[in-house]
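Participant: Kindly return the folded structure for what I paste below:
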Amino acid sequence: MFDRIVNWARANMPTREQMEQNRFARPLAARHELWRFTRRSVPRGVAAGLFIGIFALIPGVQIVGAALMCVPVRGNIPLAVLMTFVSIPPTTLFVFLPGAIWVGNRFGYHADFSTVSDLVTRGASVGDWLAWLGSDAAPSLIIGLLLISLAAAAIGYFISAIGWRWWTGHKRKARQMRAAARDFPD
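Facilitator: Got it, this is the predicted structure:
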C-alpha cells in the first residue's frame, strides 16, 4: 500500500523543475533543501502539513500554507503537501469538527456541532458564516482545531522521525548484508 501511495504522489505531484517555471512558485523551488528527504526535513514537513491541514480546513489554503510553512522550519514540501490530505471531507465532518468543538467546549465555550453541520449541509451564505463567527461557537472551534492540529503535528513529527530512523537503519543493514554476502560467498 505504501508503494501505491508513493507511486501516486510521484505521478501527480509537480516536480521542482516544473515549479521553477511558475513565477509564483519559483522562490520555493529554488531552495533545494525544501525538496530533499533528510532526517530533519521529513519530520518537519510532516508536522507542518498536519498542522496546516487540520487547522486551515480550506483545501487551496492548506496546500499553499503547508508549502509556505516549510520555508521557515526547513521542512520537506512534498511531504507537507501530502499530509494536508489527512483532512479530507469525511475526516473533517466526522472527526475534526466534532472533536474540535468538544475540545473547545472544555475551555468554557458552549458550541453545538449541529449548528456547524447545518451551515455546511445547507450551503450557508457568507453572512450566515459571519454571524456564526460572532457567536460562542467560533472560538470553541478555533481553539479546538488549534489544539488538535498542534497535537497531530507533534505526534506526526515523532512518528515520522522514528519511522525515518527505522527505515534508514533497515536500508543500512540490508546494504551491509549484501556487502558481506558479496565479500564472503558460500
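
Participant: How much space separates Leu150 from Asp136?
Facilitator: 22 Å (CB to CB, to the nearest Å). Quick note: C-beta positions are derived from backbone N, CA and C, even for glycine.

Participant: tell me what whichever helix in the chain runs longest is packed against?
Facilitator: In the chain, ranked by residue count with DSSP state H as the criterion, the top helix is helix 137-183. Counting contacts by 3 or more CB pairs under 8 Å, 6 or more residues apart in numbering; DSSP states H and E, helix 137-183 is packed against helix 41-56, helix 97-105, helix 113-121.

Participant: Now do the buried residues in the last one.
Facilitator: Using 16 or more other CB atoms under 10 Å as the burial criterion, the residues of helix 113-121 that qualify are 113, 116, 119.

Participant: Any chance you could list what contacts that helix?
Facilitator: Helix 113-121 is contacted by residues 93, 97-98, 101, 124, 128-129, 132, 135, 137, 141 when judged by CB atoms under 8 Å, 6 or more residues apart in numbering.

Participant: Now which of these would you call buried?
Facilitator: Buried members of the contacts of helix 113-121, counted by 16+ other CB under 10 Å: 97, 101, 132, 137, 141.

Participant: Kindly reformat the residues you listed as CSV containing distance to Pro27 and pLDDT.
Facilitator: Compiled in CSV, these are given as follows (distance: CB to CB, whole Å; pLDDT from 0 to 100):
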residue, distance to Pro27, pLDDT
Leu97, 34, 77
Ile101, 37, 85
Trp132, 36, 80
Ala137, 38, 78
Leu141, 33, 84
